[in-house]
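>>> Got a sequence here, can you build the structure:
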Amino acid sequence: MPVTPFDYAPDLRSDQEFVTEPSDPEDERIEVGVVIVGGGPAGLACAIRLMQLLEEEPQLQESLGEVPVALVEKGKATGSHLLSGAMMEPSAMRKLFPDVDESEWPTFGTVEKDSVYFMTKRRAVPLRPTPPPFRNHGNHVTSVAQLGRWMGEKAEEAGVYVLPETAAASLLVEEGVVRGVRTGDKGRGRDGQELSNFEPGSDLIGRATVLAEGTQGHLAGAAIGHFDMASDEPPQWELGVKEVWDVERPLDRVIHTLGWPLRFGAKYREFGGSFIYPMGEDRVSMGLVTGLDYRDATFSVHDVLQEFKTHPMIRKILAGGKRVAWGAKTIPSGGYWAMPERLSAPGLCIAGDSASMVNIPKLKGVHLAMHAGMFAAETIFAALKRGDTTDLSAYDEMVRDSVIDRDIHRSRNMRQPFAKGFLVGGAVANMMEISGGRFPGGRWHTHDDAAVDVFVGDRDKSYPKPDGKYTFDKLSSVFATGNATRDDAPNHIRIQKDVPLELALMWQNMCPAQVYEVPEEALEEGNGKLDAERKVELQITPSNCV
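Now for the predicted structure:
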């Protein structure tokens, strides 16, 4: 009988568990003007734009109290949880910072050259002319982490109160209206016990709340469920692993690749590609992204990236270099049809990756997130002026009548055909591009990543042995992130541990940070044979999570 991850999903109802009413006595609540969750491009753009607008209305700003805008960020600083290396279209930066010269942006300049290659194990065949989704002339290469730090400084200069190292644990809803968030407790042990440095969370109350948590934000998921905002189509995700390298020779172009080391067949469902971006004269950012609906339990994005680096063209770029950073994150890839049906609820807006605002063919979402954050700010500002922030539906209208909707709608049916394999998916994607998104028309349904049945193949046989110079194992990569999570920190991972071996192997290989492990004795007991009836207890190391 086929095994799917969906069959072993944890018993979690986020719309019930992470939605609650304010519980602090009124005199102990932290009252602010507007609450923003997330110090990424969407949240920071929202905060900065809102302060720009409030500066024009000093009386309104004064009415919001000492803290007109509060931004909650779980990292040590804005940008802490962002990965380096991205292509950024400049439209949002120009709108948000009209008086800042582009030479002062935290970027590595504009793109002058593009190259796209179709890869085999030994060859790299250039695709000419450059396919339209990969044309980046005039776009900026940036470190998203550096962008987050820079925007965080601009936000604080504008008067935004940033709360670093603060998690938003619950969404506060009262009489059907979002009132803010409850921050997480600090100083708890692995089993939830209070330690000597324990600090309870607080109710952070605002007249409006913006959720810009990024990919798979738990409060956005809770809000979407609680207010019935979800699309009829399930969300989909991709997993990306990035590395930053110091190199001896400058890279003069942006590189994208298709093909190897991913496999073409529909049997495998390995959708994705890789990129290499120049970050100045002596540094590059590289990575590999693939959909999470692949089927082979031995597929590992981290190890496939290591294999990618054995290609002669890639090895030439990295020759004599040194890896200086590593990271991994998921990316929403469901596209237009998987976006929430509504992006606002009473007292609430959702922006950026939390709302699946990513153009998958172009691998771009930074500028879309920033535009969404600014739209949320403008909507909330207008609501504050009229004295009622309950109805924020104008935000939906602004997004749907903007570059965000146009950009993502154009590629609305691009992702789905790749379920039939690379060749079929590639052909349909080309027709979509040629027709300006008109073909294929209609609404192509998406599928839940977790509903794909799993098999145990032999993908792991081709992974290179880590040499510590060009190729690396998972644990040394986690160390390279500077991850300082306490070993006795509370476990934030919800997963069924007693699962079929096929699924346990899939999760073990899937996670780039080696959070999940199948015990050696479990493999030895079966003498290498898989039994659909046999289950194993998965071992979990939450502190590895990045």
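>>> could you say what helices and strands the lowest-mean-pLDDT helix or strand in the chain packs with?
Across the helices and strands of the chain, mean pLDDT, DSSP states H and E gives its lowest value to helix 520-525, namely a mean of 77. Secondary structure elements in contact with helix 520-525, counted by 3 or more Cβ pairs under 8 Å, 6 or more residues apart in numbering; DSSP states H and E, are helix 501-510. (C-beta placed from N, C-alpha, C; glycine too.)
>>> moving C-terminal of the helix it packs on, what's the next helix or strand?
Downstream of helix 501-510, the first helix or strand assigned by DSSP states H and E is strand 516-517.
>>> What strands flank that next one, and is each parallel or antiparallel?
Strand 516-517 has the following strand partners under DSSP bridges: strand 539-540 (antiparallel).
>>> if we can go back for a sec, name the residues that touch the least confident helix or strand of the chain?
For helix 520-525, contacts defined as Cβ atoms under 8 Å, 6 or more residues apart in numbering pick out 501, 504, 534, 536-537.
>>> Now do the buried residues in it.
The neighbour-count check on helix 520-525 (16 or more other Cβ atoms under 10 Å) flags residue 522 as buried.
>>> next structured bit after that helix?
strand 535-537.
>>> now what about that following strand, what contacts it?
Contacts to strand 535-537, defined as Cβ under 8 Å, 6+ apart, come from residues 497-501, 504, 518-519, 522.
>>> Find me the pLDDT at the residue nearest to residue 460 when sequence neighbours are not counted, would you?
Nearest in space to residue 460, with sequence neighbours left out and distances taken as Cβ to Cβ, 6 or more residues apart in numbering, is residue 298 at 4.2 Å. According to the predicted model, the pLDDT of residue 298 comes to 97.
>>> thought residue 298 was touching residue 457?
Yes - with contact defined as Cβ atoms under 8 Å, residue 298 reaches residue 457; the gap is 5.4 Å.
>>> of the two, who's got more company?
For residue 298 against residue 457, the residue with the higher neighbour count under other Cβ atoms under 10 Å is residue 298, and the figures read 18 against 15.
>>> distance of that one from residue 241?
The span separating residue 298 from residue 241 equals 16 Å under the rule Cβ to Cβ, to the nearest Å.
>>> Repeat that for residue 368.
22 Å.
>>> where along the stretch 1-150 of the chain do the helices fall?
Assignment of helices within the stretch 1-150 of the chain using DSSP state H, counting those that start in this stretch yields the ranges 14-17, 41-55, 58-63, 91-96, 144-158.
>>> Where among those helices is average confidence lowest?
For these, the stretch scoring lowest in mean pLDDT is helix 14-17; its value is a mean of 88.
>>> Going by neighbour count, list what's buried in it.
Of the residues in helix 14-17, 14-15 count as buried by neighbour count, 16+ other Cβ under 10 Å.
>>> Can you pull out the low-pLDDT segments for the stretch 1-150 of the chain?
By pLDDT under 70, the low-scoring segments of the stretch 1-150 of the chain are 1.
>>> need the strands for it, in chain order.
Secondary structure of the stretch 1-150 of the chain (DSSP state E, counting those that start in this stretch): strands located at 19-20, 30-31, 34-37, 69-72, 86-88, 107-110, 114-119, 124-126, 140-142.
>>> ok, now the stretch 351-500 of the chain?
Along the stretch 351-500 of the chain, the segments classed as strands by DSSP E, counting those that start in this stretch run 498-500.
>>> mind checking the SS state of the residue nearest in space to the middle of the chain?
Nearest to the centroid of the C-alpha atoms of the chain, with distances taken as Cα atoms, centre = their mean, sits residue 215, at 3.6 Å. Using DSSP: H, G, I helix; E, B strand; the rest coil, the three-state assignment for residue 215 comes out as coil.
>>> For the closest residue to it other than its chain neighbours, give its distance to residue 145.
Leaving out its chain neighbours, the residue that sits closest to residue 215 by Cβ to Cβ, 6+ apart is residue 353, at 4.4 Å. As defined by Cβ to Cβ, residue 353 lies at a distance of 15 Å from residue 145.
>>> likewise residue 463?
Between residue 463 and residue 145 the distance, using Cβ to Cβ, works out to 28 Å.
>>> Among the two, which residue is more densely surrounded?
More neighbours surround residue 145 than the other of residue 463 and residue 145, with 23 against 18 (other Cβ under 10 Å).
>>> Out of the contacts of helix 520-525, who's the most crowded?
For the contacts of helix 520-525, the largest neighbour count, defined by other Cβ under 10 Å, is 26 neighbours, found at residue 504.
>>> List the contacts of it.
For residue 504, the contacting residues are 516, 518, 522, 536, 538, taking Cβ under 8 Å, 6+ apart as the criterion.
>>> can you redo these as a markdown table with distance to residue 223?
What follows is the contacts of residue 504, written out as a markdown table (distance: Cβ to Cβ, whole Å):
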| residue | distance to residue 223 |
| --- | --- |
| 516 | 28 |
| 518 | 35 |
| 522 | 39 |
| 536 | 36 |
| 538 | 30 |
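>>> Among these, show me the least confident.
Across the set of these, residue 522 stands lowest in pLDDT, at 78.
>>> how close does it get to residue 55?
Between residue 522 and residue 55 the computed distance is 61 Å (Cβ to Cβ).
>>> now swap in residue 258 and tell me
47 Å.
>>> So between the two, which is more surrounded?
For the pair residue 258 and residue 55, the greater number of neighbours falls to residue 258 (18 against 12), based on other Cβ under 10 Å.
>>> Output the contacts of strand 535-537 in JSON lines; the columns should cover distance to residue 267.
Formatted as JSON lines, these follow (distance: Cβ to Cβ, whole Å):
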{"residue": "497", "distance to residue 267": "29"}
{"residue": "498", "distance to residue 267": "28"}
{"residue": "499", "distance to residue 267": "23"}
{"residue": "500", "distance to residue 267": "20"}
{"residue": "501", "distance to residue 267": "20"}
{"residue": "504", "distance to residue 267": "21"}
{"residue": "518", "distance to residue 267": "23"}
{"residue": "519", "distance to residue 267": "29"}
{"residue": "522", "distance to residue 267": "26"}
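>>> and of the residues you listed, the nearest to residue 201?
If you rank the contacts of strand 535-537 by distance to residue 201 using Cβ to Cβ, residue 497 comes first, at 27.7 Å.
>>> Hmm, residue 540 and that closest one touching each other?
Yes - with contact defined as Cβ under 8 Å, residue 497 and residue 540 form a contacting pair (7.0 Å).
>>> the more surrounded of those two?
Higher neighbour count among residue 497 and residue 540: residue 540, with 17 against 14, using other Cβ under 10 Å.
>>> ok, the residue nearest to residue 2 when sequence neighbours are not counted to residue 325 distance?
In space, and not counting its chain neighbours, residue 2 is closest to residue 453: 3.5 Å by Cβ to Cβ, 6+ apart. Relative to residue 325, residue 453 is positioned 36 Å away (criterion: Cβ to Cβ).
>>> Over to residue 107?
Applying Cβ to Cβ to residue 107 and residue 325 gives a distance of 18 Å.
>>> try residue 299
24 Å.
>>> How about residue 141?
Using Cβ to Cβ, one gets 16 Å for the distance from residue 141 to residue 325.
>>> same question, residue 412
From residue 412 over to residue 325 the distance is 34 Å, taken as Cβ to Cβ.
>>> what do you get for residue 497?
When Cβ to Cβ is the yardstick, residue 497 and residue 325 sit 32 Å from each other.
>>> With residue 94 instead?
Applying Cβ to Cβ, the value for residue 94 to residue 325 is 29 Å.
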